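Participant: Okay, here's the prediction I keep looking at, along with the sequence it came from:
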Amino acid sequence: MVDNPDKLCTICLRKFASLLKYDELIWKKQIEQCIDQIYQEEKGQSTLNDQRKRKYHRTDEENITLPTNFSIYEAQFKSINRSSFLEQFLRGICPLNSILSERLANYLVRHNQLNDFTLTFFSSDITCLKRIVLNVKYLSRLQCHMLNQHPYLTELKIIFKDTNSNRSNNTTNELFYQHICPSINSKFEDIYTVYGSLILHHLYCRLQTDSTRISLSNRYLFQRSPTLSEGFSHQKLLNSILNSLHPSTFERLKILNIAHYKFFAAYHSTGTRKHSLADMSPLTKCSTNSAPIMTTTVNILPINFRLILKFTNLTSLNISNTDIKNHCLENLIDSLEKLDTLDISLCRSITTFNCLLKLSNKLKWLNLYNCSLIYQKDPTIYQILYELKSLEYLDISTDNNNSINDKEYDINKFLLEKNCLVNLKHLDLSGQQNILSKSLYEFLLSHSNLQFLGLFLTHEKYWKCLFDSTDLCYSKSRQYTYDLHDIIPLILTEDDFSFHETYLIESLKRYYERAHFVQKILYHIFFITRSYQSKNQMILIELILHTMSIHPTLQTVQMASTACIYNLTRTPLTEHINVKCLGKIVQAITNVMELYPNQQQLQKNCLLTLCSDRILHEPNFNFYLLASLVMNTLQNYSDLAIVQPGVAILALLTTRLTIDECTRLGSATNLQRLSQLIEQQIDRLQTMHISQNHQINDTSDQESNDHQQLTGDDTLRFCLSLLWNLTDENPIVCEHFIHSMGLQLYQRLIHLFSSDTIVLTKIVGLLSNISEVSHLRIYLYSIDIITLMQRFLTDGITDIAFSAGGILAHLLFEQVNHEINIELCENMRNAILKWQNPDTNMVTYRSFKPFIPLLHCTQIPVVQLWAIWAIHHVCSTDRARYSRIIREENLYDLIQKISNDQISFDQSDTFVNQLLNSILHLLKPYRSKHHTNSSAVAS
């Protein structure tokens with residue numbers, strides 16, 4: 001039930017995005033076909049040219065390939081009768097107002113779906129944008145002109161966190177390719193130029209030998225790395241975006257965010273310097289000589305930076321983590337006179353901040369986190385800050401131990417200064433390790449309106465002034481971040497944990513992008529959640545998952561995060577987590593396992609977190625990917641702390657895999673590894689058994705290993721369950737098992753664990769899977785299978801006897817045209833008649849296919865009897881699970897036919913008739929309905 005407008009909006013946005021994605025896939029397929037067609041034609045022409053050169057002994061490299069006629073493909077696209085959702089919407093059926101337009105744009109950015117194709121949606125005919133966020137990760141320069149249609153833009157945020165260097169291998173290239181798509185409004189020639197190399201790499205990158213046959217006219221297109229595609233470079237993109245804005249936007253824009261952009265990247269790395277940079281040196285400005293003048297980066301203003309100076313009415317600018325230099329900041333402040341909000345955090349190239357004094361009466365918001373404040377001299381940075389009288393927000397935090405040690409005017413003198421920043425509401429001093437309690441106390445006394453104070457990693461005790469409600473500095477409404485370094489060694493109560501957890505959550509909310517801070521925060525969270533049940537479990541999990549996504553390549557962050565997630569998802573804590581969040585946890589863990597296959601402790605954290613019934617059973621995720629990652633971990637490590645959860649996870653995951661996926665997972669190599677793990681477990685259990693015997697009676701003779709009666713542990717049982725699941729209806733895996741000497745291993749297991757019914761049930765279950773494969777049954781005789789199964793048929797519990805009966809039934813079915821063992825048949829029948837149908841299912845089947853041949857075996861009645869009893873058991877205990885299979889395999893009709901045949905016999909079996917009638921009664925709701933249009937109804 002949708003109980004609020006925001007939830008309804010999210011549902012609608014998700015539907016919007018899914019419809020756009022469907023259209024995008026179809027359009028992208030058409031583009032791929034056209035570009036591939038051009039490639040094939042030019043390759044054929046190139047081959048023909050090569051043959052002509054060889055025939056006429058020509059050695060010149062004259063290019064006689066005809067140029068591509070793109071107009072043909074333009075006409076081809078226009079002739080296609082498309083009725084896509086995007087094109088229907090572009091006709092103005094239902095225009096979106098500014099709020100919905102912005103929400104849709106934000107949704108696409110948040111879910112990595114903003115590209116040239118989806119940006120087409122934001123035409124001025126159907127959308128109205130006043131604020132927009134653009135993630136350039138999957139955008140090219142071709143569709144930036146769309147912004148020209150929105151003259152009322154007042155806020156623009158461009159996300160540059162992704163860098164071209166991140167797409168440096170085939171895996172990341174392929175992931176990048178999956179998200180990009182050209183616009184339906186772009187010219188095909190432009191699409192070919194920008195997307196051609198990427199499409200050909202996607203289509204042919206695995207065919208290395210084919211690259212030598214590419215025509216001269218497009219060989220450069222294929223051989224160039226997609227990471228160098230200029231259409232996606234940040235320099236080209238920002239230039240295109242800013243130049244595509246409506247002229248009035250340069251006057252209307254109030255807020256601009258281009259954090260993480262590198263203005264000088266072109267200067268340092270490419271030959272396009274003259275197109276990316278403008279020389280602003282005095283010599284150049286005054287010179288009348290046209291000869292080139294050598295300049296340095298000090299005298300350079302990049303062209304994209306100069307474009308920013310055109311936004312003369314900007315009030316807020318975020319250029320954090322950019323590579324701007326001192327002269328850039330000076331030009332900014334000189335040109336943007338209305339600035340009251342400035343974020344230059346992480347701009348380490350800036351070393352002088354005197355120009356901030358020009359904004360002394362205007363600047364309200366200033367972020368100097370991790371700036372090179374230590375290099376500012378005469379005046380010091382604190383003296384400059386003191387003059388910024390209008391400041392309400394100030395962040396001078398640091399995590400690089402660059403605290404300023406100026407004895408004449410340090411941070412303590414700044415805090416003690418009379419009338420120091422009286423309007424301040426937000427102050428972050430985290431990482432400033434020179435702060436004294438006395439200075440902070442005096443500052444708080446004179447700043448009662450302060451709403452936030454950041455003191456994380458300051459290593460000073462401020463307990464009284466922060467948390468003592470009787471203290472003059474105390475404020476109930478003020479928020480803090482602070483270090484728990486001195487608290488951890490203390491013995492804390494549950495109330496203490498709850499108290500400090502609130503401040504850790506506040507720290508993680510504010511500092512999730514700061515790797516050094518994050519590691520410390522996660523350490524404290526791990527310490528608290530290790531022995532305390534969090535009252536903010538869901539909030540912590542969401543924050544930690546977000547942090548993991550921000551720092552995917554930082555192993556230390558991933559290590560601490562997975563440890564915290566494990567603490568927060570241990571049984572029974574996992575019962576309080578919703579399924580959607582469980583899915584996010586599995587996805588995050590999968591990403592970590594994929595990125596760090598060689599980090600043993602990290603893999604261990606992941607496996608321990610995943611080893612939960614609810615986590616593996618309830619959410620939907622890529623089961624095979626996770627199973628293959630876990631199997632790879634088992635291949636790499638023999639540590640019992642990894643093996644135990646690993647086999648448990650695989651035993652559960654394989655119940656959710658398809659037969660094809662089980663075939664891939666059950667390769668010969670993996671089967672050998674699993675057999676090796678079982679042997680190691682046997683040796684370990686034998687050692688433990690001998691040790692226990694010695695402790696009981698040191699003088700007793702040691703039992704021979706061949707006569708020990710062992711009891712299996714969870715690890716062994718999960719290994720056996722895993723093999724049982726992999727071989728289910730899977731002849732290929734069964735064959736791999738036999739060739740890896742699995743039968744001989746299982747024969748030994750039967751001997752050693754003859755009193756462990758759980759182990760025996762799993763062993764006999766796997767042997768039953770092998771008996772279902774006709775050409776593999778002969779191998780079973782190598783372990784004296786009939787004698788073993790006869791014993792289990794009478795001496796074992798019903799679970800074991802049932803599987804043993806199935807093995808004997810398949811072996812007897814093989815002998816239909818040969819001499820039949822009458823005594824064996826009588827023993828089987830007598831045993832089946834004594835079985836009591838349990839309330840729960842003993843075995844779970846993928847389908848009823850293994851039973852079908854046995855149902856028709858009228859020559860050996862006991863074979864048919866076992867199959868009927870098995871189907872009755874399955875349908876009476878868990879028929880809802882098999883409802884789809886019952887219909888697909890027309891089981892009701894088959895049982896009805898067998899029942900009719902039984903009635904027609906002169907001497908029909910009463911017990912069999914009772915079972916058949918019971919099955920028909922159970923299957924009646926699922927019987928297929930025969931209509932003339934049955935196929936249409938089914939579809």
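Facilitator: Received the coordinates, thanks.

Participant: all contacts plus neighbour counts: C-alpha atoms, from now on.
Facilitator: Fine.

Participant: what are the ranges of the strands in the stretch 51-200 of the chain?
Facilitator: Ranges of strands within the stretch 51-200 of the chain are 131-135, 155-159, based on DSSP state E, counting those that start in this stretch.

Participant: Let me have those strands in a markdown table, extended by mean pLDDT and distance to Ile539.
Facilitator: Listed next are the strands of the stretch 51-200 of the chain as a markdown table, based on pLDDT from 0 to 100; distance: least, CA to CA, whole Å:
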| stretch | mean pLDDT | distance to Ile539 |
| --- | --- | --- |
| strand 131-135 | 92 | 26 |
| strand 155-159 | 94 | 26 |
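
Participant: TSV for those strands, including mean neighbour count and distance to Asp728?
Facilitator: Formatted as TSV, those follow (neighbours: other CA atoms under 10 Å; distance: least, CA to CA, whole Å):
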stretch	mean neighbour count	distance to Asp728
strand 131-135	21	47
strand 155-159	18	49
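
Participant: closest one to Gly666 among the ones you listed?
Facilitator: Proximity to Gly666, assessed across those by CA to CA, is greatest for strand 131-135 (41.5 Å).

Participant: what lines up beside that closest one in the sheet?
Facilitator: The pairing partners recorded for strand 131-135 under DSSP bridges are strand 155-159 (parallel).

Participant: Next, work out how far apart the nearest residue to Gln519 once chain neighbours are set aside and Tyr523 are.
Facilitator: Spatially, and ignoring its direct neighbours in sequence, Gln519 is nearest to Val557 (5.7 Å; CA to CA, 6 or more residues apart in numbering). To Tyr523, Val557 is 10 Å away according to CA to CA, to the nearest Å.

Participant: okay, these two: which has more neighbours?
Facilitator: Comparing Val557 with Tyr523 by other CA atoms under 10 Å, the one with more neighbours is Val557, at 23 against 16.

Participant: Residues in a beta bridge with Tyr393, which ones?
Facilitator: Trp365, His426.

Participant: so it makes contact with Lys364?
Facilitator: Yes: Tyr393 is within contact range of Lys364, at 6.3 Å (criterion: CA atoms under 8 Å).

Participant: Show me what the strand or helix carrying Leu808 is in contact with.
Facilitator: Using DSSP states H and E, Leu808 sits in helix 798-813. Residues outside helix 798-813 that contact it (CA atoms under 8 Å, 6 or more residues apart in numbering): 757, 760-761, 764-765, 767-768, 771-772, 777, 786, 789-790, 792-795, 820, 828, 835-836, 842, 854, 857, 860, 862-863, 866-867.

Participant: Off-centre distance for it?
Facilitator: The chain centre lies 44 Å from the centre of helix 798-813; the measure is CA atoms, centre = their mean, to the nearest Å.

Participant: for stretch 237-249, same thing?
Facilitator: How far stretch 237-249 lies from its chain's middle: 34 Å, per CA atoms, centre = their mean.

Participant: Does the residue nearest to the spatial centre of the chain belong to a helix, a strand or coil?
Facilitator: Residue closest to the average C-alpha location in the chain (CA atoms, centre = their mean): Gln587, at 4.3 Å. Applying DSSP: H, G, I helix; E, B strand; the rest coil to Gln587 yields a three-state assignment of helix.

Participant: what's the answer for Tyr882, then?
Facilitator: At Tyr882, secondary structure determined by three-state DSSP is helix.

Participant: Report how many residues lie close to Lys584.
Facilitator: 18.

Participant: Tell me how far it lies from Ile577.
Facilitator: As judged by CA to CA, Lys584 and Ile577 stand 11 Å apart.

Participant: swap in Ile585?
Facilitator: 10 Å.

Participant: Among these two, which residue is more densely surrounded?
Facilitator: Neighbours were counted for Ile585 and for Ile577 using other CA under 10 Å; Ile585 has more, 23 against 16.

Participant: Please name the residues that touch the more buried one.
Facilitator: Leu545.

Participant: Confidence-wise, which helix or strand of the chain is lowest on average?
Facilitator: Taking mean pLDDT, DSSP states H and E as the measure, the helix or strand of the chain with the lowest value is helix 934-938, at a mean of 29.

Participant: Could you pick out the longest helix of this structure?
Facilitator: The longest helix of the chain (DSSP state H) is helix 5-55.

Participant: Doesn't Leu301 belong to a strand?
Facilitator: Yes: under three-state DSSP, Leu301 sits within a strand.

Participant: That one contacts Cys328, correct?
Facilitator: Yes: counting by CA under 8 Å, Leu301 does reach Cys328; the two are 6.9 Å apart.

Participant: more neighbours, those two?
Facilitator: When neighbours are counted by other CA under 10 Å, Leu301 and Cys328 differ, and Leu301 comes out ahead with 22 against 19.

Participant: so what's that one bridging to?
Facilitator: Leu301 has these beta-bridge partners by DSSP bridges: Ala278.

Participant: What is the following helix or strand past the helix holding Leu808 packed up against?
Facilitator: Sequence order places helix 822-834 as the next helix or strand after helix 798-813, per DSSP H and E. Contact analysis of helix 822-834 by 3 or more CA pairs under 8 Å, 6 or more residues apart in numbering; DSSP states H and E lists helix 785-795, helix 861-878 as its packing neighbours.

Participant: Of all the ones you listed, which one is nearest Asn449?
Facilitator: Closest approach to Asn449 among these is made by helix 861-878 (65.7 Å; CA to CA).

Participant: What residues of that closest one count as buried?
Facilitator: Buried positions in helix 861-878, judged by neighbour count with 16 or more other CA atoms under 10 Å: 861-876.

Participant: Pull it out as PDB, backbone CA atoms only.
Facilitator: Taking C-alpha atoms only, helix 861-878 is exported to PDB below (Å, rounded to 0.1, in the frame of the first residue of the first chain):
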ATOM      1  CA  PRO A 861       5.900 -53.500 -10.300                       C
ATOM      2  CA  VAL A 862       8.100 -52.600  -7.400                       C
ATOM      3  CA  VAL A 863       9.900 -50.000  -9.500                       C
ATOM      4  CA  GLN A 864       6.600 -48.400 -10.400                       C
ATOM      5  CA  LEU A 865       5.500 -48.700  -6.700                       C
ATOM      6  CA  TRP A 866       8.600 -46.700  -5.500                       C
ATOM      7  CA  ALA A 867       8.000 -43.900  -8.100                       C
ATOM      8  CA  ILE A 868       4.300 -43.700  -7.100                       C
ATOM      9  CA  TRP A 869       5.100 -43.600  -3.400                       C
ATOM     10  CA  ALA A 870       7.800 -40.900  -4.000                       C
ATOM     11  CA  ILE A 871       5.300 -38.700  -6.000                       C
ATOM     12  CA  HIS A 872       2.700 -39.100  -3.300                       C
ATOM     13  CA  HIS A 873       5.200 -38.100  -0.600                       C
ATOM     14  CA  VAL A 874       6.300 -35.000  -2.500                       C
ATOM     15  CA  CYS A 875       2.700 -33.900  -3.300                       C
ATOM     16  CA  SER A 876       1.400 -34.500   0.100                       C
ATOM     17  CA  THR A 877       4.100 -32.600   2.000                       C
ATOM     18  CA  ASP A 878       5.000 -29.700  -0.200                       C
END
